[in-house]
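Trainee: Structure, please.
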Amino acid sequence: MRTVTLRLRESFWFFPAVLGVFAIVVAQLLVVVDQEIVDRGASIPILDALSASGGRAILTTVGTAMLTVAGTSFSITISVLATTSSTYGPRLVRNFMADRANQCVLAVFTSTFLYSIVVLRSVHTAIDDGTAFVPVIAIHVAVALGVVDVAVLVFFIHHIASSVQITSLQKQVQEDLETAVSHAYRFDGDSDGVSVQPQPDGGVAWSIVESQSDGYVQSVGWERLVSWAHDHDQVVDMTAMPGDHLIEGDCLLRMAPRDGAHGRPVPEADIDRLRRMVTLGAARTPFQDVGFALQQLVEIGVRGLASGTNDPYTAVSALDLSATALVPLWAGRQAITAYLDEDAVARVLPHWPEPEQLVDTVFDGVLTYGVEHPIVLDAARRLLARLGDVASGPRAVHLGGIRTRLDRV
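Mentor: Just a heads-up that it's a prediction; the model follows:
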């Protein structure tokens, strides 16, 4: 369910579709209210009387203007975004599509258009069918919506101008990284297993579940997997983690009875159910894919170092922002090695990247592309010092190797 919710959140059509249906329903209800008032011979003093031609002109103007504004605004926006993404990374388009403010603006414009044309069809004169009807309330609501849409347009211009700035893009990617890190790493003693050894007894024959399609693993329904494994007394080894690319026939996951015995074959219906708990898609997403979330931040910095861009300060800010997720991670968090059921039994075995791999991703990018920029190297040393302040044991030794590489540059 959470995966479906996230997909709908990142779609550019769902919220406009919902608000569009709502606008159609409201338009029909207000027309019914107007008709009821006319049938009773009542009137509303505070609302101006309108002729049929005047009502049609208002509705036509509001509806046409809003649809035109929506098309023009988003055409210009896509053009600006295309230029921005070519500079700092094409994968940032996803951030624009997932932006709730952009979805709301499109929804408001399109729903105003739908509202106007639904009300417009109810306006008629005595020449049309012998009885004249002008839905005064519905038309005045359309005028109010037109005023609101002007305010929304001003907000949208401000929002889009702000959101395409590199600082806003980096901040969004930083938040995605922090969310992904909190999802995959825990401190010892948390509710999910960090240092348990949950493998079944030796000699167990794992049952393999193969992928039936190709694509990147975008997300895994960990809670549903744990529930299924608990109900069937199985241990599920998640061999394909978020960010991995699979083709048809690759191993998606494997499972075995918890006690190590050779259990009965799992029904095909359950196999299909397990496959549906893993979402595959054409592109990686940062929701559960920690490596991709960090890669986006590093990519923004690396692209800033390109000869055509020559913006080392973007790389500096990328390194500074990465510290907000990496330093708490480095301070003692461990990758989750098992998700536990309600009885504290290890049921699902994930394989998240070790913190050392994530730190290496950042410094490899710096040492590969930033060696000619002293301020970028200074930012890398600043990040290294922050990590060193909270590191101990093997992690401190690992940082020593990175420090040696930086000193050689």
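Trainee: where does the stretch 151-300 of the chain dip in pLDDT?
Mentor: For the stretch 151-300 of the chain, applying pLDDT under 70 flags the ranges 188-204, 260-264.
Trainee: let's see it at 90
Mentor: Applying pLDDT under 90 to the stretch 151-300 of the chain flags the ranges 159-173, 176, 182-183, 186-207, 232-233, 257-270, 281-287, 296-297, 299-300.
Trainee: For it, which segments are assigned as strands?
Mentor: Using DSSP state E, counting those that start in this stretch, the strands of the stretch 151-300 of the chain run over 185-186, 207-210, 215-220, 234-237, 245-246, 251-257, 278-281.
Trainee: Equivalent analysis for the stretch 301-409 of the chain, please.
Mentor: Under DSSP E, counting those that start in this stretch, the stretch 301-409 of the chain gives strands at 334-335, 339-340, 346-349.
Trainee: that older thread, looking at the strands of the stretch 151-300 of the chain, which is closest to Ala142?
Mentor: strand 278-281 (40.0 Å; C-beta to C-beta). The way it works is simple: take the backbone N, C-alpha and C, and place the C-beta from them, glycine included.
Trainee: So in that sheet, which strands flank the closest one, and in what orientation?
Mentor: Here strand 278-281 is paired, per DSSP bridges, with strand 215-220 (antiparallel).
Trainee: Glu299 contacts Gly89, correct?
Mentor: Yes: using C-beta atoms under 8 Å, Glu299 makes contact with Gly89 at a distance of 4.7 Å.
Trainee: For the strands of the stretch 301-409 of the chain, give me JSON lines that also has mean pLDDT, distance to Val164 and mean neighbour count.
Mentor: Shown next, in JSON lines, are the strands of the stretch 301-409 of the chain (pLDDT from 0 to 100; distance: least, C-beta to C-beta, whole Å; neighbours: other C-beta atoms under 10 Å):
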{"stretch": "strand 334-335", "mean pLDDT": "89", "distance to Val164": "35", "mean neighbour count": "18"}
{"stretch": "strand 339-340", "mean pLDDT": "92", "distance to Val164": "39", "mean neighbour count": "20"}
{"stretch": "strand 346-349", "mean pLDDT": "92", "distance to Val164": "40", "mean neighbour count": "25"}
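Trainee: Save the ones you listed as CSV, and put in distance to Thr239 too.
Mentor: Output for these, formatted as CSV (distance: least, C-beta to C-beta, whole Å):
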stretch, distance to Thr239
strand 334-335, 15
strand 339-340, 15
strand 346-349, 9
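Trainee: Point out the one among these that comes closest to Gly146.
Mentor: strand 339-340 (52.0 Å).
Trainee: Which elements pack onto that closest one?
Mentor: helix 222-232, strand 346-349 (3 or more C-beta pairs under 8 Å, 6 or more residues apart in numbering; DSSP states H and E).
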